[in-house]
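S.K.: Coordinates for the following, if possible.
(chains A and B)
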Amino acid sequence: MTTVEGTPSEATRMRRASPVRQLLTRPEFGSIVGAILIFFVFWALTGFTVGSGFMSWRGFAAYIQVAAQIGILGATVALLMIAGEFDLSIGSMVGAAGLILGLSITQYGLPLWLGLIITFAFALAIGALNGYIVVRTGLPSFIVTLGSLYMLRGAGLALTRLVSNGQTIVSGVGTAAADDPLSNLFNAVLFTIGGADFKVELLWWIAVVAVSTWVLLRTRFGNWIFAVGGSKEASRNIGVPVNRVKILLFMATAASAALYACIQVLSVGNADVLRGTGKEFEAIITAVIGGTLLTGGYGSALGSAFGAFILGVTQLGIFFVPGFNSDWYAFVLGALLLIAAMVNNWILRRASGARS
Amino acid sequence: MTVDQTAPAAPQASRSDVPVLEARDISKYFGRVIALKGVSLSVKAGEVNCLLGDNGAGKSTLIKILSGVHRPDEGELLMDGNLVTLSSPREAQSRGIATVFQDLAVLPLMSISRNFFLGNEPTKGVGPAKRFDMGYADRISREHMHEIGIDVRDTAQLVGTLSGGERQTLAIARAEYFGARVLILDEPTSALGVKQAAIVLRHIVKARARGLAVIFITHNVQHALPVGDKFTILSHGRSEGVFKRGEVSLDQLLGLMGGGAELSDLSRELEQLQDEAVRAHAAEPGAGAPPAG
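M.R.: Residues are numbered from 1 along each chain as shown, chains lettered A, B, ... in the order given. Sure thing, here's the model as predicted:
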């Protein structure tokens, strides 16, 4: 080993990163601060009241429910976005998967377990098809999945009307599944505090975020996700199976949409083809707030959980603020997205040590 | 490294004179375009072969053939004297041919240790608990960064924080660590300043000293001359010959690259323009518009 002695090499001019700086450069840092901030902003706007409205167990359970549902989508969408792709089709996948589950256990009288298998098999197949088209054609996934978004929605509407006498809502799912213990997996009350029910989707949320984070940060596959999103060519040169990574992630987003659909259908008791409309963008916003770059290669699945929490608090919080209604939700969401994108940019520049 | 140590200044001293990698009479056509015609190139252990050529000379096509991306239409590839077919980049890698592509060597948004082990991640545990052994990855990559003269305290730091030369060096060190016998470096210094290029050139010399066979692709003769043992010159898809170190000068190399004739044409043309401008100024000192034609 012959190191250059005496010459002041640029390499030695590196400072040890302090723990604070390390935290500051984590992709999810902005979302953690944001979540705390948003929470206190809404608490302040509702006059710091405790025990009713925003700051109550009921309020808490309500926004956790919203956060859990969007968070299930957000974690897998974050992984896909880190790999440099989008999946817009999940919005109508929620509706389509819900319909398949609803129809199989009502119209066709199948047992719930079989209905669930069919639903997830359908979602995985469509996800794989999305991924296959993207990697084979090289078209932007934004376009490919925008296509499948509309196709799934249209086909869902048409086929449901065909098999259920002109209806686009399949009702009676609740009664059909009522006796099946399997429905507890998607609709059970976990615990009750202060008269507020916390439902099982909270567990699903935690599980999906935990698995996604584990995969991303602690497995080989996770390393490939970052690499594929950073540069397809560089990854290919070094032997990363780029296409396999992408297709699997499209399957993961579709499966998370199916999970979302099962939770919705079994807790509401009916299936509606229009359910899930707009969720594709909310999931992307969740991921971006969580510190994931729109351009891929960098991000966090854990951050998406904070993003989802922010969405939940905002959606429900606006209800409790005097003089406001849910019409403002979309406005606030848009503003949050913009701020998050700017903060991400800033964090990234700190992390990559750029000076300007 | 288990490769035999060869003195850097005397490449002939190696016990085997059989080239580690050799390309014989390679031709490649893309439709009606002749990208390469009858090009040969070889590199031995402990030797640096500089592949020189202007843009469009066919350098990239040749490297892609050597690294398994393309297959030649004519000609053959040999490793240690044996005929081989490289059907994929993966296969080339497993045979010990590591290619470091310009700009695409590393991922700037990933940490040093993640980059170092990309595609070869060490794991521990079994079944669902099988995981990326970050501790091991951190330790090994820190050691190797130290060895190549880049002092890294925090391997979680993004590669984007390294300088251009350090990034190329990281890619070279990684290729070596994973058992490369032949290093193909595609324009590793072209986008770099003088200081940064020096970091890379220094590392090329060290790799040669450790017995690696290096193919160094560049269009910068000044970078090639101090490190090359052999110079293979490509021009318009054809080989303009192979020259040993000391046999050629900078000007000769430039001339062979096809740039020489054009350069002297250019300097003559520039002189002419200069003369005309001077004359025009002398004629009408106000606004001297040079005459067209």
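S.K.: Quick check: which ranges of the stretch 1-150 of chain B have low pLDDT?
M.R.: Applying pLDDT under 70 to the stretch 1-150 of chain B picks out residues B:1-16, B:103.
S.K.: So which residues of it form strands?
M.R.: Remark: strands assigned in the stretch 1-150 of chain B by DSSP state E, counting those that start in this stretch are B:21-30, B:33-43, B:47-53, B:74-79, B:82-84, B:97-100, B:123-124, B:131-132.
S.K.: Among the ones you listed, which comes closest to B:G165?
M.R.: strand B:97-100 (12.6 Å; C-beta to C-beta). In this view, the C-beta of every residue, glycine as well, is placed from N, C-alpha and C.
S.K.: for the one helix or strand A:L99 maps to, packing partners?
M.R.: Taking DSSP states H and E as the criterion, A:L99 maps to helix A:90-105. Helix A:90-105 sits against helix A:112-137, helix A:141-163, strand A:169-170, helix A:173-177, helix A:242-268, strand A:271-272, helix A:279-289, with contacts defined as 3 or more C-beta pairs under 8 Å, 6 or more residues apart in numbering or on different chains; DSSP states H and E.
S.K.: List the buried residues of the fifth one.
M.R.: Meaning helix A:242-268. Across helix A:242-268, burial judged by 16 or more other C-beta atoms under 10 Å in any protein chain shown covers A:242-243, A:245-267.
S.K.: what about whatever residue of the stretch 51-200 of chain A ends up closest to chain B, neighbour count?
M.R.: Proximity of the stretch 51-200 of chain A to chain B (C-beta to the nearest C-beta) peaks at A:I82, 9.6 Å away. Counted with other C-beta atoms under 10 Å in any protein chain shown, residues neighbouring A:I82 total 28.
S.K.: again, but for B:D186
M.R.: Residues near B:D186, counting by other C-beta under 10 Å: 22.
S.K.: How about the contacts made by it?
M.R.: B:K59, B:S60, B:I63, B:T99, B:V100, B:F101, B:Q102, B:I217 (C-beta atoms under 8 Å, 6 or more residues apart in numbering or on different chains).
S.K.: that older thread, can you add mean pLDDT and distance to B:V69 and give the helices and strands packed on helix A:90-105 back as JSON lines?
M.R.: Output for the helices and strands packed on helix A:90-105, formatted as JSON lines (pLDDT from 0 to 100; distance: least, C-beta to C-beta, whole Å):
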{"stretch": "helix A:112-137", "mean pLDDT": "97", "distance to B:V69": "18"}
{"stretch": "helix A:141-163", "mean pLDDT": "93", "distance to B:V69": "25"}
{"stretch": "strand A:169-170", "mean pLDDT": "86", "distance to B:V69": "52"}
{"stretch": "helix A:173-177", "mean pLDDT": "84", "distance to B:V69": "53"}
{"stretch": "helix A:242-268", "mean pLDDT": "96", "distance to B:V69": "14"}
{"stretch": "strand A:271-272", "mean pLDDT": "90", "distance to B:V69": "49"}
{"stretch": "helix A:279-289", "mean pLDDT": "95", "distance to B:V69": "34"}
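S.K.: how about CSV for the ones you listed, with distance to B:V84 added?
M.R.: Output for those, formatted as CSV (distance: least, C-beta to C-beta, whole Å):
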stretch, distance to B:V84
helix A:112-137, 29
helix A:141-163, 38
strand A:169-170, 61
helix A:173-177, 61
helix A:242-268, 25
strand A:271-272, 59
helix A:279-289, 45
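S.K.: that older thread, give me phi/psi at the closest residue to the residue of the stretch 51-200 of chain A closest to chain B other than its chain neighbours?
M.R.: Of all residues not flanking A:I82 in the chain, A:G299 sits nearest, at 4.3 Å (C-beta to C-beta, 6 or more residues apart in numbering or on different chains). When read as degrees, to the nearest 10, the backbone of A:G299 gives phi 160, psi -170.
S.K.: likewise A:F319?
M.R.: Dihedral angles for A:F319 - degrees, to the nearest 10 - are phi -60, psi -40.
S.K.: What separation do you get for it and A:L336?
M.R.: Computed as C-beta to C-beta, to the nearest Å, the A:F319 to A:L336 distance reads 17 Å.
S.K.: re earlier: which of the strands of the stretch 1-150 of chain B sits closest to A:M55?
M.R.: Here strand B:131-132 is closest among the strands of the stretch 1-150 of chain B (C-beta to C-beta), at 40.1 Å.
S.K.: Show me what that closest one packs onto, helices and strands only.
M.R.: helix A:201-218, helix A:220-230, strand B:123-124.
S.K.: Contacts for that strand next, please.
M.R.: A:W214, A:R218, A:T219, A:R220, A:G222, A:N223, B:E121, B:P122, B:T123, B:K124, B:G125.
S.K.: now do stretch B:73-83
M.R.: Outside stretch B:73-83, the residues that reach it (C-beta under 8 Å, 6+ apart) are B:16, B:18-29, B:38-40, B:65-66, B:84-86, B:95.
S.K.: Are any of the residues you listed buried, and if so which?
M.R.: So, by 16+ other C-beta under 10 Å, the buried ones in the contacts of stretch B:73-83 are B:19-24, B:26-28, B:39, B:65-66, B:84, B:86, B:95.
S.K.: if we take those, which one ends up nearest to B:D154?
M.R.: Using C-beta to C-beta, these come closest to B:D154 at B:R95, 34.9 Å.
S.K.: wait, doesn't the closest one sit right on B:L86?
M.R.: Yes - B:R95 is within contact range of B:L86, at 7.3 Å (criterion: C-beta atoms under 8 Å).
S.K.: Pretty sure A:V242 sits against A:G138.
M.R.: No - A:V242 is not in contact with A:G138 according to C-beta under 8 Å; the separation is 11.4 Å.
S.K.: Residue numbers of the stretch 101-250 of chain B in contact with chain A?
M.R.: Counting by C-beta under 8 Å from any C-beta of the partner chain, the residues of the stretch 101-250 of chain B close to chain A are B:101, B:104-110, B:114, B:117-121, B:123, B:130-132, B:134, B:147, B:149-154, B:156-158, B:160-161, B:163, B:166, B:195, B:199, B:202, B:206.
S.K.: Return the members of these classed as buried.
M.R.: B:101, B:104-110, B:114, B:117-121, B:131-132, B:134, B:149-150, B:152, B:154, B:157-158, B:160-161, B:163, B:166, B:199, B:202, B:206.
S.K.: Of those, which belong to helices?
M.R.: Using DSSP state H, B:R114, B:M134, B:E166, B:I199, B:R202, B:K206 are the members of those that sit in helices.
S.K.: Next, the buried residues of stretch A:307-326.
M.R.: A:307-321.
S.K.: Whichever of the contacts of strand B:131-132 end up buried, select them in PyMOL.
M.R.: A single PyMOL command selects the buried members of the contacts of strand B:131-132 (16+ other C-beta under 10 Å):
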select buried, (chain A and resi 218+219+220+222+223) or (chain B and resi 121)
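S.K.: Now for the contacts of strand B:131-132: which two are most distant?
M.R.: It's A:W214 and B:P122 that sit farthest apart of the contacts of strand B:131-132, by C-beta to C-beta, at 17.0 Å.
S.K.: so where is chain A shaky, pLDDT-wise?
M.R.: Chain A contains residues with pLDDT under 70 at A:1-18, A:353-356.
S.K.: Tell me how many other residues surround A:A207.
M.R.: Using other C-beta under 10 Å: A:A207 sits among 13 other residues.
S.K.: What of A:A75?
M.R.: If we define neighbours as other C-beta under 10 Å, then A:A75 has 33 of them.
S.K.: Output the set of residues of the stretch 151-300 of chain A in proximity to chain B.
M.R.: A:214, A:218-220, A:222-224, A:226-227, A:230-231, A:233-240, A:293, A:297-298.
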